[in-house]
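Participant: everything below, folded, please.
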Amino acid sequence: MLSTKLTSQTFWVAFAVGGQYKKGNGFHIVGAHTDSPCLKIKPVSKIEKEGTIQLGVETYGGGLWTTWFDRDLGVAGRVFVRESDTSMTSRLVLVNRPILRVPMLAIHLQDADARKAFSVNAEEHLRPILATAAAAELTGARPVDKSASHHPLLLDLLATELNVSVDQICDFELSLFDTQGTHMMDIEYNHTNFSHAH
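Facilitator: Reported below is the predicted structural model:
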């Protein structure tokens, strides 16, 4: 019999008791982690620079960070929502569409020396762009509170996805991911297929 439990929405616990188990028999413990290097939104993520709305992110794990440039990124994780004056719940959210991008200068605008010398500075180079400041104004987003930790556009997006009001959002733990799906690659779909994923 296999039993599973999702604990605190962050990890699974599973166990199986064999049909021939007898009291006093030993047991085995197997552990694994299924997380992978990614970019996580910082507790204070709001950045407005050069006419763009950017998100402050931090690296998680030992990633090959150059592969995050020029990708369509979504967000997933959990959001802590105030249900009443005395209760708060943790809700899972998945925005499985391109809403962010970490841009890189086009290769034809760099010389060979600049390309060779480039080294990723996570604090400066890995800030995904959410929107332009002009686009944010056109959407009718709430004015930016200078003391706020996150831009209203991000909070509005999360509130819409969860069908709650922005005022109900207390905090969140969100990771970025590449929205390009996996697909089969083959000339005629009848030869040896390659699974292609980013």
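
Participant: which parts of the longest helix seen in the chain are buried?
Facilitator: Taking DSSP state H as the criterion, the chain has its longest helix at helix 152-162. Applying a neighbour-count criterion of 16 or more other CB atoms under 10 Å, one finds 152-159, 162 buried in helix 152-162. C-betas here are computed from N, CA, C, even on glycine.

Participant: ok, residue 62 touching residue 122?
Facilitator: No. The criterion here is CB atoms under 8 Å, and residue 62 misses it with residue 122 at 11.7 Å.

Participant: of these two, give the one with the bigger neighbour count.
Facilitator: Higher neighbour count among residue 62 and residue 122: residue 122, with 14 against 7, using other CB atoms under 10 Å.

Participant: how many neighbouring residues does the nearest residue to that one once chain neighbours are set aside have?
Facilitator: Nearest residue to residue 122, sequence neighbours excluded (CB to CB, 6 or more residues apart in numbering): residue 59, at 5.0 Å. With neighbours defined by other CB under 10 Å, the count for residue 59 comes to 16.

Participant: for residue 168, same thing?
Facilitator: Neighbours around residue 168, by other CB under 10 Å: 18.

Participant: what values do phi and psi take at it?
Facilitator: phi -80, psi -20 (degrees, to the nearest 10).

Participant: so who does it touch?
Facilitator: 81-83, 159 (CB atoms under 8 Å, 6 or more residues apart in numbering).

Participant: put the buried members of these into a ChimeraX selection.
Facilitator: Provided next is the ChimeraX selection string for whichever of the contacts of residue 168 are buried by 16+ other CB under 10 Å:
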select :81,82,159
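
Participant: out of the contacts of residue 168, which is nearest to residue 103?
Facilitator: residue 159 (26.5 Å; CB to CB).

Participant: shouldn't the closest one be in contact with residue 172?
Facilitator: No. Using CB under 8 Å, residue 159 is not in contact with residue 172, being 11.0 Å away.

Participant: let me see the ranges of the strands in this structure.
Facilitator: 2-7, 11-16, 38-49, 52-60, 73-82, 88-100, 129-132, 169-178, 183-185, 194-196 (DSSP state E).

Participant: can you put these in CSV and add distance to residue 25 and mean pLDDT?
Facilitator: Listed next are the strands of the chain as CSV, based on distance: least, CB to CB, whole Å; pLDDT from 0 to 100:
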stretch, distance to residue 25, mean pLDDT
strand 2-7, 18, 60
strand 11-16, 13, 74
strand 38-49, 40, 94
strand 52-60, 39, 94
strand 73-82, 38, 96
strand 88-100, 37, 95
strand 129-132, 55, 91
strand 169-178, 39, 95
strand 183-185, 45, 73
strand 194-196, 41, 60
